[in-house]
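Asker: Got a sequence here, can you model it:
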Amino acid sequence: GEPRAVEEPCIRVSSPYVEFRKQAHTTYYTRYHLVFVTKYRRKVLRAGMGAFCAGAMKRVCTHYPDIQLLEVNTDEDHIHLLASIPPKMSVSKAVNLLKSNSARAMRLKFPFLETVYDRHIGFWSDGYFVSTVGINEEQIRRYIEHQGEEDSAGTRIEM
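Answerer: A predicted model of the protein is given here:
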C-alpha cells in the first residue's frame, strides 16, 4: 500500500502502510514510547485504578487533540504509552499535560490517595522514559529517492 496524509487521527498500527498526520505546514509521523512511574514506585495502579488512569490519560487527549494515544497499558506502579506528538509541541510539554491532568483526575476519583501522597509531592515520579519509534530506514530511503513524485497538494507520498 501507499502512505497518505490525513487530517483526522488515524490508528492503524498493524497495517502494512503508514498513515501520516497533517497540520497547516507539516506532514508528520511521530511515535513515542513513554513510561511514567508512580512516586516511590507505590503499587497504586492495580485493577480498576489502572484502568481509570488509562482512561484519564485518553481524556486529556480530548482537550489536546494534537496528542494521540495509540496504546495505553498499566502495571501496578507504572504506565506505558504509545503516543503521537506533533512536531510543534515538545515531548516534555505533552508529558507535563498527561501527567498533571491524570494525577488530578486520580486524586479526585480516589480521595484516599491524599493519605498515600502529600499533595505537594505529586502522584507521578519527576522523571519519565521516552524513546522514539519511527519509520524504518528503508522506507526513509525510498521516500527520499521518490520525493519529487509527490502530488501538488503534498499529501500523497509514494514509498
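Asker: now residue 61: how far from residue 70?
Answerer: Residue 61 is 10 Å from residue 70, where distance means CB to CB, to the nearest Å. Backbone N, C-alpha and C define where each C-beta goes, glycine included.
Asker: in the longest helix anywhere in the chain, what counts as buried?
Answerer: Ranked by residue count, the top helix of the chain under DSSP state H comes out as helix 91-109. By neighbour count with 16 or more other CB atoms under 10 Å, helix 91-109 contains the buried residues 94, 95, 97, 98, 99, 101, 102, 103, 105, 106, 107.
Asker: before we move on, what about stretch 112-126?
Answerer: Buried-residue list, stretch 112-126, by 16+ other CB under 10 Å: 113, 117, 123, 124.
Asker: ok now it, how far from the chain's centre?
Answerer: On the basis of CA atoms, centre = their mean, to the nearest Å, stretch 112-126 sits 23 Å off its chain's mean C-alpha point.
Asker: got the contact list for it?
Answerer: Residues from elsewhere that reach stretch 112-126 (CB atoms under 8 Å, 6 or more residues apart in numbering): 36-42, 44, 99, 102-103, 106-107.
Asker: helices or strands up against the longest helix of the chain?
Answerer: The criterion is 3 or more CB pairs under 8 Å, 6 or more residues apart in numbering; DSSP states H and E, and the helices and strands that helix 91-109 contacts are strand 31-37, helix 47-63, strand 78-84, helix 113-116.
Asker: Now do that helix against strand 31-37, angle only.
Answerer: Angle of helix 91-109 versus strand 31-37, following axes from the mean of the first three to the mean of the last three CA atoms, to 10 degrees, is 40 degrees.
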